[in-house]
Structures are given as structure tokens and as C-alpha cells.
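Participant: Can you look at this prediction? I've put the sequence above it.
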Number of protein chains: 2
Amino acid sequence: MALVCKHGETRADTKPRAIHHLKATPETVHWGYFSPDIKPALIVQSGDLIEAEAITHHAGDAPELMFDEGIERLFTEIDPSTRSPGVHIMTGPIYVEGAEPGDMLEVRYFQMTPRNNYGSNLAANWGHLYQEFGEKERVTIYQLDPNANTASALYAYDFPGKYLVPGTITHCPVCDREPALPGITIPARPHIGTAGVAPAVDAPVSTIPPGLHGGNIDNWRIGAGSTMYYKVQVKGGLFSIGDPHVSQGDGEISGTAIEASLNCLFQIILRKDFSFPSPLLETPNNWIVHGFGADLDEAMKGASMDMLHLLNEHQGLSRNDAYSLMSVAADFGVTQVVDGTLGIHVRIDRNLFPQKGVTKDPS
Amino acid sequence: MALVCKHGETRADTKPRAIHHLKATPETVHWGYFSPDIKPALIVQSGDLIEAEAITHHAGDAPELMFDEGIERLFTEIDPSTRSPGVHIMTGPIYVEGAEPGDMLEVRYFQMTPRNNYGSNLAANWGHLYQEFGEKERVTIYQLDPNANTASALYAYDFPGKYLVPGTITHCPVCDREPALPGITIPARPHIGTAGVAPAVDAPVSTIPPGLHGGNIDNWRIGAGSTMYYKVQVKGGLFSIGDPHVSQGDGEISGTAIEASLNCLFQIILRKDFSFPSPLLETPNNWIVHGFGADLDEAMKGASMDMLHLLNEHQGLSRNDAYSLMSVAADFGVTQVVDGTLGIHVRIDRNLFPQKGVTKDPS
């Protein structure tokens, strides 16, 4: 049950319309930034389906496994000096006809399919335990089993120098590869680490810090079957996706997930009937609200206040009732802990509520 | 599968021995503190079962529902001025024959049964949103349905003044009671908020800040079917339990859970064959490690380092491998956010490991 519907009602606006295919090419990606000034890579109408290629900026950690012709073009044709101020390869933007500032984009993620069967985890210089590991960076390459929906480590190597340039290509010689995580198989959780609309800012905005526009939220629950709601900041919304992951823990403690390119099928629906102050995630069983801050405590406060808002404004609970319910039934988790991009999310079970829609009954 | 066992092996030391019944009386509880100087309320041997009464210090929020003769005795006979420096009513201590500093107590929680069908949630002066609620404190009384294993709010009232004395008794007149959370039923997650061994400190130690001895960890997963490991600090261990909850969200954001008295059945096994630096929780599917700190960032660092220790020392992963695995498969959550007792926990799936025991194969 999605937003606004009365219980048991079917929404007419979710009917799939046209389907578009959006390849990631040097002409259809922007690397490291969001901006309202980027020419749309695609123009869609509300209800359209989009199959888009999301490319990991870590494909260069094992180019012989993670590159193909299309990915190699991005890494070789896009000038490294233009990959800033952030690091992620973003496919888009997608212009949604009729979207105006203050509207919401409902993005329904239907399918996330690995483009190849390899991914990279970097213990990065921005990771939580970088000092504790003597300022060493290390790459672990994982192999995916798409049938079992699992991943296991293939080999690892110490990264030479410091990982500073997004899209670094490292040809690690076979002799430097060490075995890693023998006998351990982990569940895959394919998801999109970074997605969002263009912020209404007159300069390129880094893809790294998450914010009200979305961005690098890094919640592994943003996978197939989930829906995200982003608040439109500029005309057309200008939605982009990137930073695909196949597995990540809450906290993303080494600074990265298993970074792996994904083909994503999703639907964008333009919503003018409700508003929410921060990126809102709906999974089959939960509503999840995100807070961000300069430290975890600030992020915690943001997530709390926005969950209070959700329960109060959209479920009609009194603020008093909402606060009590949060304390006894909402679960706060750490989304990520990279400097400047600390995130806390809070999950509440949608099934607790007699009326399943988030927003007030419009009748 | 519990610690140390080889896969498929049966442990002989888990065979239940005697069963003891430990009532909570003014003679068998200590209110607000742990101390190595308290006379044991019970002496047990490794393997013994204990059925102990854990009493909520919030029973006075609805005495007509949450009191019975035994509970009332505690509230009326124990001098309020002695209830310090913490707030929780602790049943015990239990002296374990043969336990020496450095040993571990394995506490297997088998059953947690509500003593009556009522609990209290306080939006407290130590809650995360106290300022945002205009420094108002408010009590919400919940009724439990023990058959459905759910809870729903019965009524709420604004607390008069400031909730400062542990065990305050409030006779809220019926006319001041407001309906709360109409139509909402939440799942019950009965668990123990505070439990642990006596710290080796020559003064009463507050029950409020969690620490290496255990204490107010407030993880709702410490319920029936889970096992906690506490490091013995003084001869006999001197284990106590209190602060029972029937439901709590990760974060316990209002400062309290649904606080409700529980009868707890558990087994204590003395372990001399391994050690762990902080309170370790084992559930059927997870190992969970806890970190504490003056802020969430410090707690996050502690939880990370101890999970690294678990994977490295007890699962035999290299530190490099452990760090990568944590980033892609371990989930960090917020346990609580009260000033001075901020906690982060991290969960890893036990089923990831080919050898299920935490400690190294002793052979």
C-alpha cells in the first residue's frame, strides 16, 4: 500500500506508461556533482518506467573484471579533473514533465540487476577505522553469485598510495593478490547508494553529503521493492542515480560497500498531493526516515524530528502519542559514518497503523 | 550453537542443575547501584537455573495497575534517599561458586513473563526530545495482551513537576487521564534493560551508565532465547537483573521503554575458557557487540573495535578481512541516547561463519 491511498484502494497514477532505456555514456552521466544546469539525459512523464545503467566509480579497482566497453569509455573519456567535488558517477538527469519545486517524486524501484558479477570494497581513507589500520587502504574484490543472491571475496590487495582520484584504475598484478574471507558467503542486498534530484543551488553540489535532495544516503534498504520520495527543488526535478552497491551493512564502516554496477528498473510518479521534509523510504513493511549531520548526535536529532513529523502530520497521531510510540517501537540505525556524511535512519513498522497511507486521507 | 563448541558438538556444561527461586523483596534488591559489597541474595553453582523477579522502578506511574503486595513493599519500605546514584531496582546479587575475576558468566535467558499486564512509558527529562517538547514529561500507560504478545496504550497523563525520585508514586486521578494511541497495537519484545556483574570498584556504581560489567545496556534483543556474556570483575561475579521492559525501540528515544515487571527464568554458566572485553550478546541468528560513550561517535568507535576483536580473535579472520566483512555485512544500530549512556550496538549474522563457535577451536 503506497502513500495517500485509502486502505484497499487502487491508485490510478501508478499504471506504467512508456518505458525508456537510459545507457550510461559520457554524454548521459555527470561525475561527482548534482546541478540544476545539466542538460537532461532523458525526459519522462509521470508514470513512465526507466531502465537505467548505474555504474560504480570503483570499477577501476579490478578493471579486468568490472570493466566492459561501456564502462571503460566513462573512465577513459571523462577528464578526471572534472570529477568533482564528489566522487560518484551519476546517470541522468531525468527531467519529469510538470514537476515543480515543492512537488514530490515517488521513485518505485522494481529491479536491480548486477551488470557483471564483480564488486569492490575499499577500506578507504575516509573509513571509520582508517587510523586504527595505520592509514592503510585496502581493496577486497567480491564475486557475486546471481542465482544464490550471495557474494564472496575473490582476492584482496593493499592499495598503493592514497585513494584520492575518483575512478582510479589499478591494475593489481596477480602476484600481489591475497586470498580473502575464505569460506564466507554473504547475502547480497543490491541497492542504490546515491540518488536524488538537483538541488536549487547555483553551483555544482557534491554527491557525497546526503541532504534534502537525496544524494548519498547509503541505506541498503533502497533496493528492489522499495519506494523513495524526494522533494523536487527545481523545475523538472532532474533525478539521477549512481553509486550502485550489491551489499552494505548499516554504518558502511570501511567507507564503502561492495560497489558494483547495476541495471535498475524504476518508475517515477509525480506527486503534488503531499510533502515531506527529508528523503523518505517506504519498504513493504517499514517507513524509514533519514537524518544527517556533522556528527551522529545531530543526525539522530534530525531523524527523530522527521519521524515525529511523519507520525504527527501524516498518520494523525498527536505529538505526545508519536513520541511515546517512537520510544517503544521505532528502531534507529546508523546509516553511515564518513566525515561530513554521517547519517541515522529510523524505521517504523507500517503495519502498526490502521490506515496504511502516509498522508492524511484527502477526502 | 553456543560459544566454543565445534559445529555439531554438544556441550556438557549446559545441562540444567538445581533451580532456584529469587523473589524481589527489600532484602534481595539493591536500588540504583551495583557494588561488590552487597551480601549475596542467592548462591548458585554453574549450570543452575534461576527464576527471578525483576521489578520495574516505574510501577509507581500507575500503582493501582502495576503494584501488587510484593512490589508495594519495595516502594514503601526502601528509603528513597538510598535509591542512588542510579534509578533501577536490581534483584540480586547472585554469587556464582568458583567465579573469579577474568572469567565469563554466560547467562542464558529462557523465559520472560509479565508479572502483571501493565507497563509505563515515560517521556522523561532525560529523553532525546525533552527540549523539543517544552520540558514536559508525560506518562503513557500500556496494557499487554499476553496471548497475542502485543501492547496497546490505555491512557496518558502529563507528569506533574519533574520526575526526579526513582520510584515516584503518582496517583493520577481518572479525570486527568487522556486517551492515547487509539487503534494502535505494537508487538511485545520482553527483555531486561539492566543486568550485570558487580564492578570491581570500591564504591556503589550507578546502574545508569552501561559498561564492561553490563548495566543499563537497553538492547531489546536481550530477551528469551538470547544469551549474554559478562566478564566477571569480583569473586563470585555478583550478578543482578532489573529494569524489565516489554517493548522498546532501538534508541529508546523518550528515555524509557514500556517499563513493566517480568519474571525471568535463566541459567548461569561459568566460563573459564574464553574472554571478551565488553558485554556480548548472542541471539539465535546474531552476535551483537556493544559500545558506549559520551556521544554516539565514541560509542560507534567502541562497538566497531570490539566487533573487529570478535571476528579477529574468536573467528580467526584477519583484521583486514574482518574490517571488509563488517562494512558489507554488519549492521550498526543506536541502542540508547540518554546523556552519559549513549550506546551503539553492531549485529553480525552467525550463519555467515563456517565454524559457529565464537572462540577459537580449543583443540
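Facilitator: Done, it's in.

Participant: doesn't residue A:14 make contact with residue A:49?
Facilitator: No - Residue A:49 sits out of contact with residue A:14 when judged by C-beta atoms under 8 Å, with a separation of 11.0 Å. (Each C-beta comes from the backbone N, C-alpha and C, glycine too.)

Participant: And those two? Which one has more around it.
Facilitator: When residue A:49 and residue A:14 are compared on other C-beta atoms under 10 Å in any protein chain shown, the one with more neighbours turns out to be residue A:49, at 17 against 14.

Participant: What residues does the stretch 51-200 of chain A have near chain B?
Facilitator: Applying C-beta under 8 Å from any C-beta of the partner chain, one finds that the stretch 51-200 of chain A approaches chain B through A:121, A:123, A:127-129, A:132-133, A:138, A:140, A:142, A:151, A:153, A:156, A:180-181, A:183-187.

Participant: ok, 7 Å please
Facilitator: A:121, A:123, A:128-129, A:132-133, A:138, A:140, A:156, A:180-181, A:183-184, A:186 (C-beta under 7 Å from any C-beta of the partner chain).

Participant: per-residue confidence at the closest residue to chain B within the stretch 1-150 of chain A?
Facilitator: Nearest to chain B in the stretch 1-150 of chain A, going by C-beta to the nearest C-beta, is residue A:140, at a distance of 4.3 Å. The per-residue pLDDT reported for residue A:140 equals 98.

Participant: Going along the chain, name the helices of chain A.
Facilitator: A:63-66, A:69-77, A:296-309, A:319-329 (DSSP state H).

Participant: Of those, flag the one that's most buried.
Facilitator: Sort these by mean neighbour count, taking mean count of other C-beta atoms under 10 Å in any protein chain shown, and helix A:319-329 sits at the top with a mean of 24.

Participant: hmm, that helix in reach of chain B?
Facilitator: Yes - under the criterion of C-beta under 7 Å from any C-beta, chain B is reached by helix A:319-329 at A:320-321, A:323-329.

Participant: Not counting its own residues, what contacts that helix?
Facilitator: For helix A:319-329, the external contacting residues (C-beta atoms under 7 Å, 6 or more residues apart in numbering or on different chains) are A:307-308, A:311-312, A:317, A:348-349, A:352, B:121, B:123, B:129, B:133, B:138, B:140, B:156, B:180-181, B:184, B:186, B:247-249, B:252-254, B:256-258.

Participant: Can you tell me which of those residues are buried?
Facilitator: Buried residues within the contacts of helix A:319-329, defined by neighbour count using 16 or more other C-beta atoms under 10 Å in any protein chain shown: A:307-308, A:311-312, A:317, A:348, A:352, B:121, B:123, B:129, B:133, B:138, B:140, B:156, B:180-181, B:184, B:186, B:247-249, B:252-254, B:256-258.

Participant: excluding its backbone neighbours, what's nearest residue A:351?
Facilitator: residue A:285 (6.4 Å; C-beta to C-beta, 6 or more residues apart in numbering or on different chains).

Participant: residues touching that neighbour, list them.
Facilitator: A:349-351.

Participant: Please identify the residue most distant from the middle of chain A.
Facilitator: Largest separation from the mean C-alpha position in chain A: residue A:175, at 34.9 Å (C-alpha atoms, centre = their mean).

Participant: Now do that residue against residue A:155, distance only.
Facilitator: Note on residue A:175: its distance to residue A:155, by C-beta to C-beta, to the nearest Å, is 11 Å.

Participant: Next, work out how far apart residue A:199 and residue A:54 are.
Facilitator: Taken as C-beta to C-beta, the span from residue A:199 to residue A:54 is 20 Å.

Participant: Pick out whichever of these two has more residues nearby.
Facilitator: Neighbour totals were compared for residue A:199 and residue A:54, and residue A:54 leads with 29 against 20 (other C-beta under 10 Å).

Participant: which residues does that one form a beta bridge with?
Facilitator: Here residue A:54 sits in beta bridges with residue A:262, going by DSSP bridges.

Participant: residues in contact with residue A:174?
Facilitator: So residue A:174 contacts nothing (C-beta under 7 Å, 6+ apart).

Participant: again, 10 Å this time
Facilitator: Neighbouring residues of residue A:174 by C-beta atoms under 10 Å, 6 or more residues apart in numbering or on different chains: A:64, A:155.

Participant: Averaged pLDDT, stretch A:205-222. What do you get?
Facilitator: The model assigns stretch A:205-222 a mean pLDDT of 96.

Participant: Go ahead and measure how far that stretch is from the middle of the chain.
Facilitator: Offset of stretch A:205-222 from its chain centre (C-alpha atoms, centre = their mean, to the nearest Å): 6 Å.

Participant: Show the model's pLDDT score for the spatially closest residue to residue A:176 that is not a sequence neighbour.
Facilitator: Closest residue to residue A:176 apart from its sequence neighbours, by C-beta to C-beta, 6+ apart: residue A:157 at 5.1 Å. Predicted confidence (pLDDT) for residue A:157: 98.

Participant: hey, where'd the strands end up in the stretch 151-300 of chain A?
Facilitator: Here the stretch 151-300 of chain A has its strands, by DSSP state E, counting those that start in this stretch, at A:186-187, A:191-196, A:205-206, A:214-215, A:227-231, A:237-247, A:258-259, A:262-271, A:280-282, A:286-293.

Participant: Dump these to a markdown table, plus distance to residue B:97.
Facilitator: Formatted as a markdown table, the strands of the stretch 151-300 of chain A follow (distance: least, C-beta to C-beta, whole Å):
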| stretch | distance to residue B:97 |
| --- | --- |
| strand A:186-187 | 42 |
| strand A:191-196 | 51 |
| strand A:205-206 | 61 |
| strand A:214-215 | 58 |
| strand A:227-231 | 57 |
| strand A:237-247 | 46 |
| strand A:258-259 | 49 |
| strand A:262-271 | 58 |
| strand A:280-282 | 52 |
| strand A:286-293 | 47 |
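
Participant: Quick check: which of the ones you listed is nearest to residue B:18?
Facilitator: Nearest to residue B:18, of all the strands of the stretch 151-300 of chain A, is strand A:186-187, at 42.4 Å by C-beta to C-beta.

Participant: So residue A:246 is in contact with residue A:189, correct?
Facilitator: Yes - between residue A:246 and residue A:189 there is a contact under C-beta atoms under 10 Å: 7.1 Å.

Participant: between those two, which one's more packed in?
Facilitator: More crowded of residue A:246 and residue A:189, by other C-beta under 10 Å: residue A:246, with 32 against 21.

Participant: who touches the more buried one in this structure?
Facilitator: A:56, A:112, A:114, A:117-119, A:121, A:142, A:144, A:146, A:149-151, A:186-191, A:220, A:223, A:257-262, B:328.

Participant: Check residue A:163 too.
Facilitator: A:58, A:61, A:87, A:122-126, A:137-139, A:170, A:255-256.

Participant: any idea how far the residue farthest from the centre of chain A is from chain B?
Facilitator: Distance of residue A:175 to chain B, given as C-beta to the nearest C-beta, to the nearest Å: 18 Å.

Participant: What of residue A:218?
Facilitator: 11 Å.

Participant: hmm, back to that, give the residues shared as contacts by residue A:175 and residue A:155.
Facilitator: Shared contacts of residue A:175 and residue A:155 (C-beta under 10 Å, 6+ apart): none.

Participant: Which residue is the nearest non-sequential neighbour of residue A:56?
Facilitator: Closest to residue A:56 by C-beta to C-beta, 6+ apart is residue A:259, at 4.3 Å.

Participant: List the residues that contact residue A:338.
Facilitator: By C-beta under 10 Å, 6+ apart, the neighbours of residue A:338 are A:124, A:126-128, A:208-209, A:216, A:218, A:252-256.
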